[in-house]
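Visitor: curious how this folds, go ahead:
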Amino acid sequence: MNKLFPDPLLPQEGDATSMNLGGGQGNGPVAEFSQPVSSAAGSQCQPEFVPVGAMEAMLAKRHEQIFKWGHTLEADASRPLREFAVDLRSLAAAILEDVQFHKPVDQLERHTVKLGAMAMAFFDRLQTERGKS
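Guide: Numbering: from 1, shown residues only. Just a heads-up that it's a prediction; the model follows:
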C-alpha cells in the first residue's frame, strides 16, 4: 500500500453495525469509526456519518425515470447524446435561475435531484454507447 496515505478504514468482521452508512438522516455517528483518521498532512479528523441522502434521492428519481416514465437503457440508447446534453444544460440553467431569484430551497432541491438523475441517465447512455452496460 502507498505509505503517503493512511490505511483504509474497514468494517470489523462479524460486526452487524459495520455496514451502517449513517444515511445523513439523523442516524447519528457510526460507532466503528471511533478512532480519528490521520490525513497525509498529519492532521486528524473524526468522521461522524456518510451523507447519502442526496444519493438516495437521485437514485429514487432515476428509478422513477426508468419504471414510471419508461426511460430504460434501451429507450435511451436511441436518443441522441445532444438531447441529453441540452436537457442537462436546461436543468442547470433552471437551478441558476432559482438561486438568482431566491426561489424556495425545496424547489432548488427538486431541480438538483432531477439534474443528478439526468446525469446518471446520461452516464448510462454513454456506457451503452461504449458497450459496457
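Visitor: got the buried residues for the longest helix that the chain contains?
Guide: Assignment by DSSP state H gives helix 105-130 as the longest helix of the chain. Judged by neighbour count using 16 or more other C-beta atoms under 10 Å, the buried positions of helix 105-130 are 110-119, 121-122, 124-125. Every residue, glycine included, has its C-beta placed from N, CA and C.
Visitor: contacts only, for residue 95.
Guide: Contacts for residue 95 were tallied using C-beta atoms under 8 Å, 6 or more residues apart in numbering; they are 108, 111-112, 115.
Visitor: quick check, residue 69 in a helix?
Guide: No - under DSSP: H, G, I helix; E, B strand; the rest coil, residue 69 sits outside any helix and is assigned coil.
Visitor: ok, back up a step: list just the nearest of the contacts of residue 95 to residue 71.
Guide: residue 115 (14.7 Å; C-beta to C-beta).
Visitor: just the pLDDT for the closest one.
Guide: You'll see residue 115 listed with a pLDDT of 97.
Visitor: equivalent analysis for residue 2, please.
Guide: 49.
Visitor: any idea how far residue 121 is from residue 81?
Guide: 11 Å (C-beta to C-beta, to the nearest Å).
Visitor: swap in residue 53?
Guide: Per C-beta to C-beta, residue 53 is found 30 Å from residue 81.
Visitor: likewise residue 94?
Guide: 21 Å.
Visitor: just residue 68 next, same as before
Guide: Per C-beta to C-beta, residue 68 is found 23 Å from residue 81.
Visitor: compare those two (neighbour count), which wins?
Guide: Using other C-beta atoms under 10 Å as the criterion, residue 68 and residue 81 rank with residue 81 on top: 11 against 8.
Visitor: contacts only, for that one.
Guide: 122, 125-126, 129.
Visitor: give me the below-cutoff pLDDT ranges for the protein.
Guide: Within the chain, the segments meeting pLDDT under 70 span 1-47, 49, 132-133.
Visitor: for it, what spans make up the strands?
Guide: Using DSSP state E, the strands of the chain run over residues 37-38, 44-45.
Visitor: format the contacts of residue 81 as JSON lines; extra columns: distance to residue 102.
Guide: As requested, the contacts of residue 81 are exported to JSON lines (distance: C-beta to C-beta, whole Å):
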{"residue": "122", "distance to residue 102": "29"}
{"residue": "125", "distance to residue 102": "34"}
{"residue": "126", "distance to residue 102": "35"}
{"residue": "129", "distance to residue 102": "39"}
